[in-house]
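> prediction below, plus the sequence it came from.
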Amino acid sequence: MQSGSTQTEVLIIGAGLAGTSLALSLPSTMKVTLLSSAPAPCGASPMALGGLAAVLSAQDSLEQHIEDTLEAGARHSDKEAVRGILQAAPEAVHWLLKKQVPLDRTEDGQLHLTREGGHSQRRIVHAADASGYAIMQALLPQLTQASHIQQRTDCLALDLRHNEQGAVAGVDIYDKHTRRYETMLADHVVLATGGLGSLYAHSTNPDSALGEGIALAWRAGAAIRDLEFVQFHPTCLHAEGPTFLLTEALRGEGGHLLDKQGRRFMPDYDARAELAPRDIVSRAIAAQMRQEGSSHVWLDVRHLGADTLQQHFPKALEEGLRRGLDLRQDWVPVAPAAHYSCGGIETDLSGRTTVAGLYAVGEVACTGLHGANRLASNSLLECVVMGRAAAEAIAGSKRIQRSALVPETDVANTSSMSRSCSYKNSNPNSSSSSSSSSSSSSQASVGQNWGLSLNASSRSTPNPRHSLMTAAAANAMENIINDKGRHYGKNNSYSNGNSKNRSPSTNPPPSLPALRNLMQEHVGLLRNRQGLMQALHTLDRWRRQISLLPPSLDQRTLSLQLDTAWLLTQAALDRPHSLGAHYRLD
């Protein structure tokens, strides 16, 4: 496939906060190559609004941060990972400060701490309401100044390559500048490719967040874990134009969610009201929208005051004004959208995957921190902590003895699904999951040399989260369940499937728009077995169709996206009970 090859010691695929933190933390004696699919800054990191969660006040404690994280994650988190990462949080904040990141401060010079949903204390350090952008703007010039780091933009990773010892030691890429395929050889390969939110029609993610990194790792034999837990952000601006996320801190500072009569409805659904974790708030909004037959609810932040909004939420204020809404005077229409993937490539606390030579950091990875539902502002934190931890592990590891790469497997042939291996159930207590997928994919069809270990984990079965729902909330959810999938009414523009981009064809060919509509309709915020089975059948068919197309760049990238969507759907089908961000209507 390749028309040339180059060598490096550390190859990082993805230049968001995780990849950048890793690159800047490696010793200057190591040759580092940082690939990105677009010019910097790119990816989801510059779009992150809230900040980083860390225990920095005398009123707070590590144990409280751990408990908040476990509670938000529906007790499905890996406790060792939670403690290890959160313990490193203050040091990560200090590292950013040393890197001249301009975090907000109070009048007396202390770091300003805000609060977001799910947090029991103020512990979010931030840069107004555009923290990710401020962080990346501070770090990017330092990448340019580092002579040992080579940045290459507009490069797409298409396949991971193994050497004769079975370690990942190379990556096939396509360089959009030179229009050439190339194989890059490396002692250490790191996936920092971000999330998969843009597999959905309604998403807060950049268009590039299509989950290809997960498929790359899976094809190389790496274990994938907790992929069914896709977090939907509850408060995305519902107005003309691209989806815009209204930061969690607006509710953390006291913003109210209102129904169409102007009544606060969150206390009906949860004792914590607007400060409940995102999965609860998102489903409460969905229930309220269904009950009212509307496409959105309202966010009211007028009582926070013009000065507070101008000082701490200038980006939200500016974006609202650009769309004809003044947060200082108006109710703001909001609805949930796909936001964050809690699962991904399984790693240890040094970023190592289950395949030698391969690391993963950031949203593409699954350390076990987030469990079934991410606590707000733990994600940027994880990027910095795990980027630095992976750098330390790589710097301290022995250099892999370079050997010849195993001959490349032709992608068109590997996609033909020539043989199968069994699918590992993500729910050890489920007696129905194997039968639930038997009519379609109880045997995971994979190509030669592909591995499958989805949700392979030794963790114990999580304890069910105690219910804080009121009777009104239970009744509202029951109405949704009884509606058998017509989640928000026929005329709503936001729904699990009523997308304005939906193809009128009942049997569309494989394409990214068709894939997004399929995922939105059947694998979104509210799921049921019938919809998941329909999605899995369609994805099976599309994967077969794409394998028969002549090899091309578009064919290869869409094949990766279809694989990730298939893995996600299979994971959701194999967990028949609701947990965290994964909500089953049946």
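Right, received. Where do you want to start? Numbers count the residues shown, from 1 in each chain.

> if you rank every helix and strand of this structure by mean pLDDT, what lands last?
strand 419-422 (a mean of 29; mean pLDDT, DSSP states H and E).

> show me where the stretch 101-250 of the chain has helices.
Secondary structure of the stretch 101-250 of the chain (DSSP state H, counting those that start in this stretch): helices located at 131-145, 212-219, 249-252.

> quick one: which of those is nearest Ala306?
Proximity to Ala306 (CB to CB) singles out helix 249-252 among the helices of the stretch 101-250 of the chain, at 14.1 Å. C-beta: built from backbone N, CA, C; applies to glycine.

> run through the residues that contact Gln121.
Ser57, Gln59, Asp60, Gln64, His65, Arg115 (CB atoms under 8 Å, 6 or more residues apart in numbering).

> 7 Å - rerun?
Gln59, Asp60, Gln64, Arg115 (CB atoms under 7 Å, 6 or more residues apart in numbering).

> show the model's pLDDT score for the third one.
I take that to be Gln64. Per-residue pLDDT puts Gln64 at 97.

> packing partners for the longest helix belonging to the chain?
Longest helix of the chain, by residue count under DSSP state H: helix 553-573. Applying 3 or more CB pairs under 7 Å, 6 or more residues apart in numbering; DSSP states H and E, we find helix 553-573 packed against helix 212-219, helix 512-522, helix 529-547.

> can you do 8 Å?
Counting contacts by 3 or more CB pairs under 8 Å, 6 or more residues apart in numbering; DSSP states H and E, helix 553-573 packs against strand 155-162, helix 212-219, helix 411-414, helix 512-522, helix 529-547.

> skip the chain neighbours and tell me the closest residue to Asp226.
Gly343 (3.1 Å; CB to CB, 6 or more residues apart in numbering).

> show the contacting residues for that neighbour.
Ile224, Arg225, Asp226, Leu227, Glu228, Phe229, Cys366, Asn455, Ala571.

> filter those residues down to just the buried residues.
Neighbour counting over the contacts of Gly343 (16 or more other CB atoms under 10 Å) leaves Ile224, Arg225, Asp226, Leu227, Glu228, Phe229, Cys366, Asn455, Ala571 as the buried ones.

> find me the pLDDT at the first one, would you?
On pLDDT, Ile224 comes in at 98.

> what's the answer for the fourth one, then?
Turning to Leu227, the model gives it a pLDDT of 98.

> was I right to think it contacts Trp566?
No - using CB atoms under 8 Å, Leu227 is not in contact with Trp566; the gap is 10.2 Å.

> all helices of the stretch 301-450 of the chain, in order?
Going by DSSP H, counting those that start in this stretch, the stretch 301-450 of the chain shows helices at 306-312, 314-322, 378-396, 411-414, 433-436.

> who does the third one touch, helix- and strand-wise?
When you say that, I think you mean helix 378-396. helix 17-25, strand 52-53, helix 79-87, helix 89-98, helix 131-145, strand 180-191, strand 358-360.

> of these, give the one that comes closest to Pro39.
Nearest to Pro39 among the helices and strands packed on helix 378-396 is helix 131-145; the distance by CB to CB comes to 10.6 Å.

> what comes up buried for that closest one?
Ser131, Gly132, Tyr133, Ala134, Ile135, Met136, Gln137, Ala138, Leu139, Leu140, Leu143.

> and the helices of the stretch 101-250 of the chain as a markdown table, adding distance to Ala44 and mean pLDDT?
A markdown table is the format used below for the helices of the stretch 101-250 of the chain (distance: least, CB to CB, whole Å; pLDDT from 0 to 100):
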| stretch | distance to Ala44 | mean pLDDT |
| --- | --- | --- |
| helix 131-145 | 8 | 94 |
| helix 212-219 | 13 | 98 |
| helix 249-252 | 17 | 88 |
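
> now those as CSV including distance to Lys315?
Below are those laid out as CSV (distance: least, CB to CB, whole Å):
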stretch, distance to Lys315
helix 131-145, 8
helix 212-219, 28
helix 249-252, 11
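
> out of the ones you listed, which comes closest to Leu22?
helix 131-145 (11.1 Å).

> name the helices or strands packed onto that closest one?
So helix 131-145, by 3+ CB pairs under 8 Å, 6+ apart, packs with helix 17-25, strand 149-152, helix 378-396.

> give the contact list for the residue lying closest to His339 once chain neighbours are set aside.
Leaving aside its sequence neighbours, His339 sits nearest to His233 (CB to CB, 6+ apart; 3.6 Å). Applying CB under 8 Å, 6+ apart to His233 gives the contacts Thr204, Leu245, Glu248, Arg278, Ser282, Pro336, Ala337, Ala338, His339, Tyr340.

> at 10 Å instead, please
Applying CB atoms under 10 Å, 6 or more residues apart in numbering, one finds that His233 lies in contact with 49, 197, 203-205, 243, 245-248, 278, 281-282, 334-340, 376.

> out of those residues, which are inside strands?
The strands, defined by DSSP state E, take in Leu245, Val334, Ala335, Pro336, Ala337, Ala338, His339, Tyr340 from the contacts of His233.

> the last one and Asp207, how far apart?
Taken as CB to CB, to the nearest Å, the spacing of Tyr340 relative to Asp207 amounts to 16 Å.

> give me the more crowded residue out of those two.
With other CB atoms under 10 Å as the criterion, Tyr340 and Asp207 differ in neighbour count, and Tyr340 comes out ahead with 26 against 10.

> check that one and give its pLDDT.
In this model, Tyr340 is scored at 94, pLDDT.

> chain center to stretch 519-527: distance?
Its chain's average C-alpha position is 16 Å from that of stretch 519-527, according to CA atoms, centre = their mean, to the nearest Å.

> and it, average pLDDT?
Computed over stretch 519-527, the mean pLDDT rounds to 92.

> residue at max distance from the center of the chain?
In the chain, counting by CA atoms, centre = their mean, Asp108 sits farthest out from the average C-alpha position, at 36.3 Å.

> verify the stated contact: Pro277 with Phe232.
No - using CB atoms under 10 Å, Pro277 is not in contact with Phe232; the gap is 11.6 Å.

> any shared contact partners between those two?
Shared contacts of Pro277 and Phe232, counting by CB under 10 Å, 6+ apart, come down to Asn373, Ala581.

> just for the stretch 201-350 of the chain, where's the confidence low?
The stretch 201-350 of the chain contains no residues with pLDDT under 70.

> meant to ask about the stretch 451-586 of the chain
For the stretch 451-586 of the chain, the ranges with pLDDT under 70 are 451-506.

> who are the contact partners of Gly324?
Ala239, Glu240, Asp330 are the contacts of Gly324 under CB under 10 Å, 6+ apart.

> which of the ones in strands among the contacts of His233 count as buried?
Using 16+ other CB under 10 Å, the buried ones in those are Leu245, Val334, Ala335, Pro336, Ala337, Ala338, His339, Tyr340.

> ok, and the closest non-adjacent residue to Glu229?
Residue 229: Phe, not Glu. Nearest one to Phe229, counting by CB to CB, 6+ apart, is Cys342 at 3.9 Å.

> that neighbour reaches His370, doesn't it?
Yes - in this structure Cys342 lies within contact range of His370 using CB under 10 Å: 4.1 Å.

> which residues are in contact with both of these two?
If you check Cys342 and His370 against CB under 10 Å, 6+ apart, the residues they both contact are Gly73, His76, Ser77, Asp226, Phe229, Gln231, Glu363, Ser379, Gly580, Ala581.

> and for the third one, the neighbour number?
Right, Ser77. 30.
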